[in-house]
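Trainee: pasted the sequence and its predicted model underneath.
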Amino acid sequence: VAPEGTLVVLRHYLYEYDGFFINESKNIYFESVNLYTCPGMGVRAYTTENMYFNRFNVKLKPQTDRLMSVTADALHFIDCYGDLKVTNSLFENCGDDALNSHGAYLQITAIDDNYSFSAINPRSYNFMPNIGDKLEVNNRTDLTLVQELTVKSVEKLLTGGFKITCEEQIGDNVEIGHVVGNATKVTKLRFINNIVRNKRCRGVLVQSRDTIIENNTFVI
């Protein structure tokens, strides 16, 4: 039990009141921005290609007694692709990660025919693949690669998931319950010359490929 007089931070669990929300966009640039507070993510972006942040500071407002900047992640990206470049920036006193970049698996619910399957994300992160996207079917238990497929067509289902038809024939080793990742929708992250400090959670959380994190300072 904290003794009387202990200074604490009480925050609400909010994820929809973000500083900036970007969706299905392209070539987004933030330059010389100071974001002091918001009850959610600093920036949340979905299905967006090429984003650049330089001198993008999520920080405490000067000359105030605030203890927290944003109440969740400073930067959060799902289903984004192309360049993701964050340079010369400061992230401090965030309620969660400085940066989180990831995709969202679909789980196979039915093998419809030799070329089609139905799938849905159990947490409702249903990001639709595009025609031509490269998919990877993985074993849910150990995430070993089962088969690579190319999207030929996609149909939205009333369940919230998708029926996906592929260019290639689906192998006999693909099963209901396997998970499907979109290898096309991944970011090329460059996180360079940044400062991450005074945080209660992770600095950088990345589930992507071709990532470079260098010349940063991480301070507890």
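Mentor: Yep, it's here. In this text, all values refer to a predicted model and were calculated from it rather than measured experimentally.

Trainee: from here on, just use CA atoms for contacts and neighbour counts.
Mentor: OK.

Trainee: mind showing which ranges of the chain have poor pLDDT?
Mentor: Residue ranges of the chain with pLDDT under 70: 12-15.

Trainee: do that again at 80, thanks
Mentor: Counting by pLDDT under 80, the chain has low-confidence residues at 9-16, 200.

Trainee: need the longest strand for it.
Mentor: When the chain is parsed with DSSP state E, its longest strand is strand 145-156.

Trainee: distance between that strand and the chain's centre?
Mentor: 21 Å (C-alpha atoms, centre = their mean, to the nearest Å).

Trainee: other residues contacting whatever helix or strand comes next after that strand?
Mentor: Sequence-wise, the next helix or strand downstream of strand 145-156 (DSSP states H and E) is strand 162-166. If you take C-alpha atoms under 8 Å, 6 or more residues apart in numbering as the criterion, strand 162-166 is touched by 115-120, 128, 149-157.

Trainee: which of those count as buried?
Mentor: Buried by 16 or more other C-alpha atoms under 10 Å: 115-120, 128, 149-154, out of these.

Trainee: any idea which of the residues you listed is closest to Glu31?
Mentor: Closest approach between those and Glu31, by C-alpha to C-alpha: Met128, at 30.4 Å.

Trainee: now do the contacts for the closest one.
Mentor: Contacts of Met128 by C-alpha under 8 Å, 6+ apart are 154, 162.

Trainee: again, 10 Å this time
Mentor: 47, 79, 106, 120, 154-156, 161-164, 182 (C-alpha atoms under 10 Å, 6 or more residues apart in numbering).

Trainee: before we move on, what about Gln107?
Mentor: 118-122, 137-138, 140, 161, 175-181.

Trainee: what's the closest of the buried ones among the contacts of strand 162-166 to Ile28?
Mentor: For those, the nearest to Ile28 is Met128 (21.2 Å; C-alpha to C-alpha).

Trainee: quickly find the element holding the residue nearest to Asn182 when sequence neighbours are not counted.
Mentor: Excluding the flanking residues, the one nearest Asn182 by C-alpha to C-alpha, 6 or more residues apart in numbering is Leu135, at 4.6 Å. Element membership of Leu135 [criterion: DSSP H and E] is strand 134-138.

Trainee: alpha carbons of that strand, as CSV, please.
Mentor: This file holds the C-alpha atoms of strand 134-138, laid out as CSV (Å, rounded to 0.1, in the frame of the first residue of the first chain):
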residue,chain,number,x,y,z
LYS,A,134,1.7,-12.3,-50.9
LEU,A,135,0.3,-14.3,-48.0
GLU,A,136,2.1,-16.7,-45.7
VAL,A,137,0.1,-19.5,-44.1
ASN,A,138,1.7,-20.5,-40.7
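
Trainee: list the neighbouring strands of it plus their orientation.
Mentor: strand 145-156 (antiparallel), strand 179-182 (antiparallel) (DSSP bridges).
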